[in-house]
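Novice: here is my input; please provide its structure:
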Amino acid sequence: MIIKRNIPNFISILNLVVGFMAIWFVAEGSFSEAFYLLCTCLILDFLDGFFARLLNAKTNFGAQFDSFADLVSFGILPGFFLMNYLHTLNAHFIFLILSTIYPVTAAIRLVRFNLEQVGSKQYFTGIPTPISALLVMSLIHLNLELYFESAELHVTAVSFLTVLVSLLMISKLKIINLKFQGFEYKANKWRYLLIVLGAITFTVMPSFAIALIYIELVLLSLLRFKI
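Specialist: All right, here's what the predicted structure looks like:
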């Protein structure tokens, strides 16, 4: 019984460990490896919640520990990733300071989520940290500097987008909760619509799919909650 109750916590530990390893890879300049480890953290973050519900093993400790693991993997890791990447481009010190905004807002978002978490919700308040982390790191992983005429313009664009994502995390926007409630179409039609749009996006523009799906999520949420 004790083992069963702690399976989600063990997965959260793996999430934290993998996130910590990714930070080490960033420090070594291995950005691609760090990005793939972030993707592993995303899978682990999904699995800990999945098994907590499946095994009826939800606990207050588990919820708090999951958020601490998420802070490492989806808060500190992306911020450190961005800061080191900008440093390799010889970015001005002000841009390095701006990169600290992301982990700060991620921490605020996670604390607020824990405080507001009451039962099942149809929506999140602000963009979830895992989605935000994936977007920030994918923008760098795509080698976007190839699309800009100068390194300065590239640095400015990446920094601006990161600040925007950070603000959306702590915004009051109602964002569709991606957790399915059964499989009935009526209860999940907006989630199904996002899946269909996401599949089309990955097929047509795979390189920019993550960024575009992020935009689709925001737009669908605005339509869903008529904001």
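Novice: list the buried ones in the helix or strand where Phe25 lies?
Specialist: Assigned by DSSP states H and E, Phe25 belongs to helix 2-27. Burial within helix 2-27, assessed by neighbour count using 16 or more other Cβ atoms under 10 Å, is assigned to 5-9, 11-12, 14-16, 18-19, 21-23, 25-26. All C-beta spots, glycine's among them, are computed from the backbone N, C-alpha and C.
Novice: got the contact list for the residue nearest the centre of the chain?
Specialist: Taking Cα atoms, centre = their mean as the criterion, Pro130 is the residue nearest the geometric centre of the chain, at 1.9 Å. Contact partners of Pro130, counting by Cβ atoms under 8 Å, 6 or more residues apart in numbering, are 41-42, 45, 70, 74.
Novice: one more pass at 6 Å, please.
Specialist: Listed by Cβ atoms under 6 Å, 6 or more residues apart in numbering, the contact partners of Pro130 are 42, 45, 74.
Novice: most neighbours of all those, which one?
Specialist: Greatest neighbour count in the contacts of Pro130, by other Cβ atoms under 10 Å, goes to Phe74: 32 neighbours.
Novice: what secondary structure does that one sit in?
Specialist: helix (DSSP: H, G, I helix; E, B strand; the rest coil).
Novice: these two touch, right, it and Leu134?
Specialist: No. The criterion here is Cβ atoms under 6 Å, and Phe74 misses it with Leu134 at 8.3 Å.
Novice: Phe202 contacts Ala209, correct?
Specialist: Yes. Using Cβ under 6 Å, Phe202 is in contact with Ala209, at 4.5 Å.
Novice: neighbour-wise, which of the two wins?
Specialist: Taking neighbours as other Cβ under 10 Å, Phe202 and Ala209 compare with Ala209 leading, 18 against 15.
Novice: circling back to that earlier point, what is the nearest of the contacts of Pro130 to Ile213?
Specialist: Nearest to Ile213 out of these is Leu42 (Cβ to Cβ; 13.3 Å).
Novice: distance of that closest one relative to Leu134?
Specialist: Applying Cβ to Cβ, to the nearest Å, one obtains 6 Å for the distance of Leu42 from Leu134.
Novice: repeat that for Phe25.
Specialist: Using Cβ to Cβ, Phe25 is found at 16 Å from Leu134.
Novice: and Ala199, by the same measure?
Specialist: Taken as Cβ to Cβ, the span from Ala199 to Leu134 is 17 Å.
Novice: compare neighbour counts for those two and give me the winner.
Specialist: Summary of the neighbour comparison: Ala199 and Leu134, criterion other Cβ under 10 Å, with Leu134 having more neighbours (23 against 12).
Novice: still on that earlier bit, now for the closest residue to the residue nearest to the centre of the chain other than its chain neighbours: which residues touch it?
Specialist: Closest residue in space to Pro130, ignoring its immediate chain neighbours: Phe74 at 5.1 Å, by Cβ to Cβ, 6 or more residues apart in numbering. With contact set as Cβ under 6 Å, 6+ apart, Phe74 has these partners: 129-130, 133.
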